[in-house]
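Participant: Generate coordinates for the sequence data below:
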Amino acid sequence: MSGGTHLGLPISCDPEAELGTYLRRTWSSDLRIGRVTKIDSYRRRVSIDARAVDLIFDRARRKRIFACHTIENLGEFYIRAAPKKWMIEGPSYDDFLKIRSNHKLSVLSRSESALIEVASDKFVEMGLVKNALTPVANLLIWLGTENSVSLENWKKSGRSLDQMANYLHMLERLGYVKMEKGLIVPGPEFPNDFGDVPPKVVYAQMLARAVREDHVFMQQVLRLTQIVGPLHWANSYYLTALLAAERISLPIQQLEQRHIGYYPARGTSELQRRGQLLRVVYESGIMQGNRSQVSGDPEVTKHYFEATAGSRLEAAV
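Facilitator: Sure thing, here's the model as predicted:
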């Protein structure tokens, strides 16, 4: 803790109630006393929760939805009885802000992973993402037609040898390729027979699996950040739908406010953000809508709700 919070209260008062009042007055109005653990007659531990009410407007049905959620255990205070007073010790306000921020980041990350899991096939259909994955797609197509590729020739087809090596590492980990005597050849997970499925569909499915299982590697190592903007917009919608506990139609302005709340804008203009959103709506099929309102794809919504069931992601931010 950085400094911490230290309070002294009269022994005649209810220390939990007074602590709750203090925190709501000085830290945040949505804070509440959570679980109280009695150590003995003189000592106890108290956890702090946040209780929020969210107003969501479903434009299609002209319905207002009040979503209540609780964020548990945002900090713990230690209360002990001393002569004629209660002594309370706990985290500082800065510590509390860090805990709350980390909780928010965790929720966003878990929700993004669930969304990638159920909609990776739609993300790879977006033009920006397709272009970013061109070296991977080219290698898969090359192997599908030639059955082997010279490692040296393939490395020369890219701009950066390090980047091409990272692509290869990812595909080896997925089982799509392996090395044999200086050649890249199909690995155990590369389809032996496409059957009646068009090759274009097979390659798209392979790319979707790569995005689904390795999107963090793609962003952090391969620096393929083209998926980040679309993922953040889609996540802003689906987290809101999860709070509402149903597929909703959000006014575009409300979705933009949600997006800024979840992902504060850094160096992007309102016009750039709106362009990103419209590309997600018109190119991917992850969301549906127009320039005035947005709703979720029925199948994506269904599978996202199933993927997040029991995860308490609705107790979000």
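
Participant: Relative to the whole chain's centre, how far out is whichever strand or helix holds Ala307?
Facilitator: When elements are defined using DSSP states H and E, Ala307 is found to belong to helix 298-308. In terms of Cα atoms, centre = their mean, to the nearest Å, the gap separating the centre of helix 298-308 from the centre of its chain is 15 Å.

Participant: which residues in the stretch 151-300 of the chain form helices?
Facilitator: Remark: helices assigned in the stretch 151-300 of the chain by DSSP state H, counting those that start in this stretch are 151-156, 161-174, 199-220, 228-244, 252-262, 270-279, 298-308.

Participant: quick one on the thing from earlier: buried residues, the helix holding Ala307. List them.
Facilitator: For helix 298-308, the buried set under the neighbour-count rule, 16 or more other Cβ atoms under 10 Å, comprises Val300, Thr301, His303, Tyr304, Phe305, Ala307, Thr308. No exception for glycine: its C-beta is placed from N, CA and C like everyone else's.

Participant: Let's have the helices of the stretch 151-300 of the chain in TSV, adding mean pLDDT and distance to Met87.
Facilitator: Shown next, in TSV, are the helices of the stretch 151-300 of the chain (pLDDT from 0 to 100; distance: least, Cβ to Cβ, whole Å):
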stretch	mean pLDDT	distance to Met87
helix 151-156	80	66
helix 161-174	88	54
helix 199-220	89	45
helix 228-244	91	39
helix 252-262	90	37
helix 270-279	80	49
helix 298-308	93	41
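
Participant: Tabulate these in a markdown table, adding columns for distance to Asp40.
Facilitator: Listed next are these as a markdown table, based on distance: least, Cβ to Cβ, whole Å:
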| stretch | distance to Asp40 |
| --- | --- |
| helix 151-156 | 68 |
| helix 161-174 | 53 |
| helix 199-220 | 46 |
| helix 228-244 | 40 |
| helix 252-262 | 43 |
| helix 270-279 | 55 |
| helix 298-308 | 40 |
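
Participant: Ok, which of those helices comes nearest Gly4?
Facilitator: Of all those, helix 252-262 sits nearest to Gly4, with 29.0 Å by Cβ to Cβ.

Participant: list the helices and strands that closest one packs on?
Facilitator: Of the remaining helices and strands, those touching helix 252-262 by 3 or more Cβ pairs under 8 Å, 6 or more residues apart in numbering; DSSP states H and E are helix 228-244, helix 270-279, strand 293-296.

Participant: before we move on, back to that, which among the buried residues of helix 298-308 gets closest to Phe77?
Facilitator: Taking the buried residues of helix 298-308 together and measuring to Phe77 by Cβ to Cβ, the closest member is Thr308, at 30.9 Å.

Participant: okay, now the domains of this protein?
Facilitator: According to automatic domain parsing, the chain comprises the domains 5-103, 105-126+226-308, 134-221.

Participant: next one: the second one to chain centre, how far?
Facilitator: What it means is domain 105-126+226-308. Offset of domain 105-126+226-308 from its chain centre (Cα atoms, centre = their mean): 10 Å.

Participant: export the helices and strands packed on helix 252-262 to JSON lines and tack on distance to His6 and mean neighbour count?
Facilitator: Formatted as JSON lines, the helices and strands packed on helix 252-262 follow (distance: least, Cβ to Cβ, whole Å; neighbours: other Cβ atoms under 10 Å):
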{"stretch": "helix 228-244", "distance to His6": "36", "mean neighbour count": "23"}
{"stretch": "helix 270-279", "distance to His6": "43", "mean neighbour count": "15"}
{"stretch": "strand 293-296", "distance to His6": "48", "mean neighbour count": "22"}
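
Participant: what would the ones you listed look like in JSON lines with distance to Ala204?
Facilitator: What follows is these, written out as JSON lines (distance: least, Cβ to Cβ, whole Å):
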{"stretch": "helix 228-244", "distance to Ala204": "16"}
{"stretch": "helix 270-279", "distance to Ala204": "18"}
{"stretch": "strand 293-296", "distance to Ala204": "22"}
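
Participant: For Ile252, which of those is the nearest?
Facilitator: Going through the helices and strands packed on helix 252-262 one by one, with Cβ to Cβ as the measure, strand 293-296 comes closest at 6.1 Å.

Participant: Can you give the contact residues for that closest one?
Facilitator: 59-60, 237-238, 241, 247-252, 255, 277, 281, 286-289, 304 (Cβ atoms under 8 Å, 6 or more residues apart in numbering).

Participant: Stretch 39-52 too?
Facilitator: Contact with stretch 39-52 is made by 16, 19, 23, 28, 30-38, 68-81, 96, 100, as judged by Cβ under 8 Å, 6+ apart.

Participant: in this structure, which ranges drop under the pLDDT threshold?
Facilitator: When the per-residue scores of the chain are filtered using pLDDT under 70, the ranges that remain are 1-2, 159, 267, 310-317.

Participant: hmm, 80 instead?
Facilitator: For the chain, applying pLDDT under 80 flags the ranges 1-3, 60, 154-161, 221-224, 265-274, 310-317.

Participant: relative orientation of the top helix by length along it and helix 199-220 in degrees?
Facilitator: The longest helix of the chain (DSSP state H) is helix 93-123. What separates the directions of helix 93-123 and helix 199-220 is an angle of 160 degrees, with axes from the mean of the first three to the mean of the last three Cα atoms, to 10 degrees.
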